[in-house]
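Asker: Fold the following, please.
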Amino acid sequence: MAQRDPKPDASMQPIRPREFGYDHARHLLVRAGFGGPPEQVRALSAMGPERAVDLLLNVEKTPWAADDGDRFEKGVVVPLTPEQRRERREAARRGDEDALARFRLLQQRMERDDRAQIAQMQRWWLTRMIETPRPLEEKMTLFWHGLFATSHRKVENAEAMLAQNRLFRANASGDYSKILFGVIRDPAMLAYLDNGASTRQRPNENLARELMELFSLGEGQYTEKDIREGARALTGYSFEGARFVFRQSAHDDGPKAILGRSGPLDGEGFVQAILESPACSRRLALRLYRYFVDHDAPDDHREAPPAAQHALRAMATDIRAARYNVRPALRRLFLSQFFYEPAHQSRQIKTPVELVVGAVRTLRTPVRDLGVLCDALDRMGQGLFFPPSVAGWAGGRTWINTSTLFIRQNILVYLLTGRTPAGVDAMAHAQRYDPSPILADLAREPPGSERDPERLAQYLARLALGPAGDRLAPELARFARERAAITPDVVTAMLVIATAAPEHQLT
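Answerer: Okay, the predicted model is just below:
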């Protein structure tokens, strides 16, 4: 897609209420959530920009009896007790293969049960994203998961992954500093970046490096000496199963100098030094900007167009002023004229999660089989709790290739019809897609619009593609006119055509 820069005079000043229309509300709901049906978009539009943005941002004011994952079993993976470790060492010394086999079976059972639990957790989180009345809460939880990327593939402890997910959600549109302080005590992160066995004799530098390079400051904003000193500060930060443990005997309590801050710094002192660096708020502003506005924004703010530079500076200023609470920066962004510039609409490639969750929430398709949806997310490159590396998902154009595009189109066909490349899902007839709410909404004004091929085509094209749907509407109208009558099956087929359009991959 061709690059379209925002107007040089695009402003971070608030959009005027009289300018905030349906397309603006749709853009807000898609970017700050996962989209929604037309009546939800109209409701946001009628609220005006300030009330609409505050409704999305102030998630705690929207009540929801959510499934918080309390049903998941604790202690599925537990370390061997000192007595068990002694027994295993003694069995190895004696060459007692039967005893050693029992320990292997115990480990295999824990790993099997834990893999089953993480699969259930994937379904649980996907369900939350589909059902939540607080979409920005889950959108930001996913953002933090991509920023502080941690994979169960290495952690191998679903309980620890759930605890990390809750840390992210508790600070979804809130305090980044709490997350940064939290991850240095987070068993999943400590396991993922090998800090569990980091001692003053042998400090491990992985967590210290990624804490600065990927999680906060970015390359070029720290030195190798800062990494070494940071690793010393994090010695003794360990875990047992899904529980944080500070091992005082392994901690290096000597003097350190990190990013200009000196003293007998521990992990908290290290994080504080990071937060005091001006580069931290600038980098966080960039990550949020890429997530909500333009994935392709350059690392160096000075290389961005003037309007984008202004937006990034404003966001970084708000983040610093709020002591790393990101809500004021997001509020200013979502209210700005800049955010609603045409150059920022329908130009981001949907993540697999946005594609699937957005289809269910916007088109109101059946959820069908959560296992099929989670498998599709994995094959499209965004398995929940399984980012590919500590750098998270590369995103942008990397989401699209010949293989993933095929899966993207097929999963939308599956949601709308129940059909898969292998045949029709067994529950497809029991879970038929019902387009009657769409037809009823279209029939509001003027009556009979749902039977008019041109009006129906325009409505469906805009529903699936937003303003970009105007190009596809004539083709959909021809399809409708060639049918004997506009039936639910015809409407479903029109949506299959619309969601197969290249524009449907953009948000």
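Asker: pull the longest helix from this protein.
Answerer: When secondary structure is assigned using DSSP state H, the longest helix within the chain turns out to be helix 97-131.
Asker: Quick one: list the elements packing against that one.
Answerer: Packed against helix 97-131, as judged by 3 or more CB pairs under 8 Å, 6 or more residues apart in numbering; DSSP states H and E, are the following elements: helix 82-94, helix 135-147, helix 158-170, helix 352-363, helix 370-379. Bear in mind the C-beta positions are built from the backbone N, C-alpha and C, glycine included.
Asker: Recalculate using a threshold of 7 Å.
Answerer: Helices and strands touching helix 97-131, by 3 or more CB pairs under 7 Å, 6 or more residues apart in numbering; DSSP states H and E, are helix 82-94, helix 158-170, helix 352-363, helix 370-379.
Asker: In CSV: those helices, plus mean neighbour count.
Answerer: Converted to CSV, these look like this (neighbours: other CB atoms under 10 Å):
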stretch, mean neighbour count
helix 82-94, 12
helix 158-170, 22
helix 352-363, 23
helix 370-379, 18
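Asker: for these, which one sits closest to Leu415?
Answerer: Evaluated over those, closeness to Leu415 peaks at helix 352-363, with 5.3 Å, by CB to CB.
Asker: what's in contact with the closest one?
Answerer: By CB atoms under 7 Å, 6 or more residues apart in numbering, the list of residues contacting helix 352-363 from outside reads 34-37, 129-130, 142, 350, 365, 367, 373, 376-377, 380-382, 399, 408, 411-412, 415, 463, 495, 507.
Asker: So which of those belong to strands?
Answerer: Among the contacts of helix 352-363, no member falls in strands (DSSP state E).
Asker: Tell me which of the residues you listed fall in helices.
Answerer: With DSSP H as the criterion, helices contain Met129, Ile130, Leu142, Leu373, Ala376, Leu377, Arg408, Ile411, Leu412, Leu415, Leu463, Leu495 from among the contacts of helix 352-363.
Asker: pLDDT (mean, whole number) over stretch 493-507?
Answerer: Per-residue pLDDT values over stretch 493-507 give a mean of 97.
Asker: buried residues in it?
Answerer: Applying a neighbour-count criterion of 16 or more other CB atoms under 10 Å, the buried positions in stretch 493-507 are 493-501, 503-507.
Asker: now those in TSV, with distance to Pro387?
Answerer: Converted to TSV, the buried residues of stretch 493-507 look like this (distance: CB to CB, whole Å):
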residue	distance to Pro387
Ala493	36
Met494	36
Leu495	31
Val496	31
Ile497	33
Ala498	31
Thr499	26
Ala500	28
Ala501	29
Glu503	27
His504	25
Gln505	21
Leu506	23
Thr507	20
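Asker: Pretty sure Phe239 sits in a strand.
Answerer: Yes - Phe239 sits within a strand when classified using DSSP: H, G, I helix; E, B strand; the rest coil.
Asker: ok, and the closest non-adjacent residue to it?
Answerer: Closest residue in space to Phe239, ignoring its immediate chain neighbours: Pro187 at 3.7 Å, by CB to CB, 6 or more residues apart in numbering.
Asker: How about the contacts made by Leu193?
Answerer: Here Leu193 is in contact with Asn206, Leu207, Glu210, Val390 (criterion: CB under 7 Å, 6+ apart).
Asker: Swap in 6 Å and give it another go.
Answerer: With CB atoms under 6 Å, 6 or more residues apart in numbering as the criterion, the residues that contact Leu193 are Asn206, Leu207.
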